[in-house]
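**Student:** got a structure for you, letters missing:
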């Protein structure tokens, strides 16, 4: 996090925030297993109208001063059945909404060792051609990616714009480790189909 004497950052992400149901399970995953220190917790009791309830807002440093953050909420206007699964909870496959962290071989090795010691297996590993990605699910059903650039995708704004409407071209990816159901940690890979 930023030192109080430094100039404030003016660009890039400061943090992104998601919901969690269990602050301690989330802390354990991000701090103990992923090595992202918990650098700030904000607690607010009640809502703006003075009603009961609370929220906790946890901030984990991802390694460069930017943070991933989580809200644990109770009695501040949420539905009882709110979903923390940002993909399947919104009717999408588990891999659609996710967070990707830059990594090198050493970071991936350390994370994978810590996960294995906690009996957490990777969801899958994919070679996208421009990067190799190792995926896990966090305690909230959010897919977390460790992305190791293998040359990167390069920047080509013209081609990127041209491909926005494309549906026929297929980029090649290959599974280095196929989807392992144990890596789902009890979550479903696809949303539950609702009867029409």
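**Tutor:** All right, it came through fine. Because the structure is a prediction, the values reported are computed rather than measured.
**Student:** how about the residue nearest the centre of the chain, secondary structure?
**Tutor:** The centre of the chain sits closest to residue 99, judged by C-alpha atoms, centre = their mean, with a distance of 3.5 Å. For residue 99, the secondary structure call by DSSP: H, G, I helix; E, B strand; the rest coil comes out as strand.
**Student:** could you find the closest non-adjacent residue to it?
**Tutor:** Spatial nearest neighbour of residue 99, chain neighbours left out: residue 144 (5.8 Å); criterion: C-beta to C-beta, 6 or more residues apart in numbering. In short, each C-beta sits where N, CA and C put it, glycine included.
**Student:** where does this protein dip in pLDDT?
**Tutor:** Within the chain, the segments meeting pLDDT under 70 span 1-5, 47-50, 193-196.
**Student:** which stretches in it count as helices?
**Tutor:** According to DSSP state H, the chain carries its helices in the segments 23-27, 105-117, 157-162.
**Student:** same list, those, but as CSV with mean neighbour count and distance to residue 17 please.
**Tutor:** Rendered in CSV, the data for these read as follows (neighbours: other C-beta atoms under 10 Å; distance: least, C-beta to C-beta, whole Å):
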stretch, mean neighbour count, distance to residue 17
helix 23-27, 17, 12
helix 105-117, 14, 22
helix 157-162, 9, 28
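**Student:** residue 175: which of the ones you listed is closest?
**Tutor:** helix 105-117 (16.3 Å; C-beta to C-beta).
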